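Peer 1: Next come a sequence and a model predicted from it.
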Amino acid sequence: MSIEIKVPALPESITEATIVGWHKQPGDRVERDENLVDLETDKVVLEVPAPCDGVLDKILKNEGDTVTANEVLARLEQASASGEDEQASGTAESAADEAGERGVRSEGADKSRGPQPTPAKAGAGGDEHLSPAVRRMVSEHDLDPSRIEGTGRTGRITKEDVLRHLAAQEDARSNETQNQSAMAEAVPWRQSARARESSEEPRRTSLTDLSNRPERRAPMTRLRQRIAERLLEAQQTTAMLTTFNESNMRPIMELRHRHKERFERSYGIKLGIMSFFVKAAIEALKRFPAVNASIDEKDIIYHGYYDLGIAVSTERGLLVPVLRDADQMSFAEIETAIADFARRARDGKINIDELTGGTFTLTNGGIFGSLLSTPILNPPQSGILGMHKIQDRPVVENGEIAVCPMMYLALSYDHRLIDGREAVQFLAMIKELIEDPSRLLLEI
């Protein structure tokens, strides 16, 4: 029985998706709930599982294609409740017998014709055997598939095989250029002017040879397109400004050092610095509600809740999952939620609902070594806090110079809604709470 594999219902506000890649090929056996293909939207990656056990019969949409909800992606031949193994076994034996007969006939023909060149591996010679990604690479670089050694299943050519073949070609061209240069330099200096010009010609040619300047064109992913749109939207629709301050991180580092082992034993999660900044941001937002507000045309919406977005970096781009009602969460709950967000974001398991909303955002570029930056707003939010690398710097404490672990803080805000005085005081409040974390526990 043939079953259609369709695009699942897409989240609200999303009309289409792009096929990232197939995990199965026609003829492969699949199990129920096994992921067949990944679909990328402008926010999340969706998995399309197999509805039942069976064999993938035909793929109708290839990698890179744009699809919409309920569009047919492939056809799956459902496995019968009984006799599936016997049928598969019989098919395999039949194929083996047929291949054996072809081998006998081929061997007889080869003997009559004498030695023949070794044929390319199965699937390496014809364009119809190539996956869409490999076919595109072969076409872009004008390659002959029969000259590429396939290492995939049944000798199929993979992306890695094409890249390896291109690297070998590049090495061959490089060696040829080096040999020509060496031959030119080996010519005796007493040769005639004409001979010297002739020997130097390959060297001058190599200086203008553009064959060793490879370029690769790749389409932007839907997530990257969406990120670009949001960044432009923030630049064009807000009056964005950034104010800076710095915080001494020694009190928090000493507090973490004293209690990190007991904290981890009690809650099963490490005590990081993000929970301190989330708590500090909530207290500051309570004192300066305009930073937690947003603009809707000519109205200001003051949010009576604190849904904080936490920027998470992935290979696909930056995602901002939201901690709902973060003011009601403990330090352990915040750390656990952030760790879960980071893990699922890297695996592409974040739900669309977890990326929507949010009244304020925190981003930590310090984990990548950033010393100072100006974070960009996440519309329609009016504020975003940027954290940075902790670095030992000389500072003045009680009239004396001391070396302290310092962090630069940056608050970008929408100047249409937030005045400079409020922004500076908001950031100063976060600095005070971080430098005296006991106030976070006492909520003072």
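Peer 2: Yep, that arrived.
Peer 1: so after the lowest-mean-pLDDT helix or strand in the chain, what's the next helix or strand?
Peer 2: In the chain, no helix or strand scores lower on mean pLDDT, DSSP states H and E than helix 84-113, which sits at a mean of 44. Using DSSP states H and E, the helix or strand that follows helix 84-113 in sequence is helix 132-140.
Peer 1: what separates residue 317 from residue 18, distance-wise?
Peer 2: Residue 317 sits 14 Å away from residue 18, going by Cβ to Cβ, to the nearest Å. In this view, the C-beta of every residue, glycine as well, is placed from N, C-alpha and C.
Peer 1: which of these two has more neighbours?
Peer 2: For residue 317 versus residue 18, the count of surrounding residues by other Cβ atoms under 10 Å is larger for residue 18: 20 against 16.
Peer 1: coming back round to it: who touches both of residue 317 and residue 18?
Peer 2: residue 221 (Cβ atoms under 8 Å, 6 or more residues apart in numbering).
Peer 1: helices or strands next to the helix or strand harbouring residue 384 in the packing?
Peer 2: Using DSSP H and E, residue 384 falls within strand 383-387. Applying 3 or more Cβ pairs under 8 Å, 6 or more residues apart in numbering; DSSP states H and E, one finds that strand 383-387 makes contact with helix 274-287, strand 360-364, strand 400-414, helix 420-435.
Peer 1: neighbouring contacts of the last one?
Peer 2: If you take Cβ under 8 Å, 6+ apart as the criterion, helix 420-435 is touched by 241, 243-249, 251-252, 276-277, 279-281, 283-285, 287-288, 290-291, 383, 385, 409, 411, 413, 418, 439-440.
Peer 1: Kindly provide the whole-number mean pLDDT of it.
Peer 2: What helix 420-435 shows for mean pLDDT is 96.
Peer 1: Distance from the chain centre to the next helix or strand after that helix, please.
Peer 2: The helix or strand immediately downstream of helix 420-435 is helix 438-442, counting by DSSP H and E. Distance of helix 438-442 from the chain centroid (Cα atoms, centre = their mean, to the nearest Å) equals 38 Å.
Peer 1: likewise stretch 15-30?
Peer 2: The answer for stretch 15-30 is 19 Å, by Cα atoms, centre = their mean.
Peer 1: Repeat that for stretch 406-419.
Peer 2: Using Cα atoms, centre = their mean, the offset of stretch 406-419 from its chain centre is 28 Å.
Peer 1: Can you get me the start-to-end distance on stretch 231-247?
Peer 2: With Cα to Cα, to the nearest Å applied, stretch 231-247 spans 28 Å between its terminal residues.
Peer 1: for stretch 323-333, same thing?
Peer 2: So stretch 323-333: terminal residues 10 Å apart, Cα to Cα.
Peer 1: What are the buried residues along it?
Peer 2: Residues of stretch 323-333 classed as buried: 323, 324, 326, 327, 329, 331, 332 (neighbour count, 16 or more other Cβ atoms under 10 Å).
Peer 1: In this structure the fifth one contacts residue 323, no?
Peer 2: Yes: because the distance of 6.8 Å satisfies Cβ atoms under 8 Å, residue 329 is recorded as touching residue 323.
Peer 1: any shared contact partners between the two?
Peer 2: By Cβ under 8 Å, 6+ apart, the residues touching both residue 329 and residue 323 are 278, 337.
Peer 1: which SSE is the nearest residue to residue 46 once chain neighbours are set aside in?
Peer 2: When the adjacent residues along the chain are set aside, residue 46 lies closest to residue 39, with 4.5 Å between them (Cβ to Cβ, 6 or more residues apart in numbering). According to DSSP H and E, residue 39 maps onto strand 35-40.
Peer 1: That strand - contacts with which helices or strands?
Peer 2: strand 16-22, strand 45-49, strand 72-78.
Peer 1: okay, now the domains of the chain?
Peer 2: 2-78, 129-207, 222-442 (automatic domain parsing).
Peer 1: Let me have those domains in TSV, adding distance to residue 216 as columns.
Peer 2: Listed next are the domains of the chain as TSV, based on distance: least, Cβ to Cβ, whole Å:
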stretch	distance to residue 216
domain 2-78	15
domain 129-207	8
domain 222-442	15
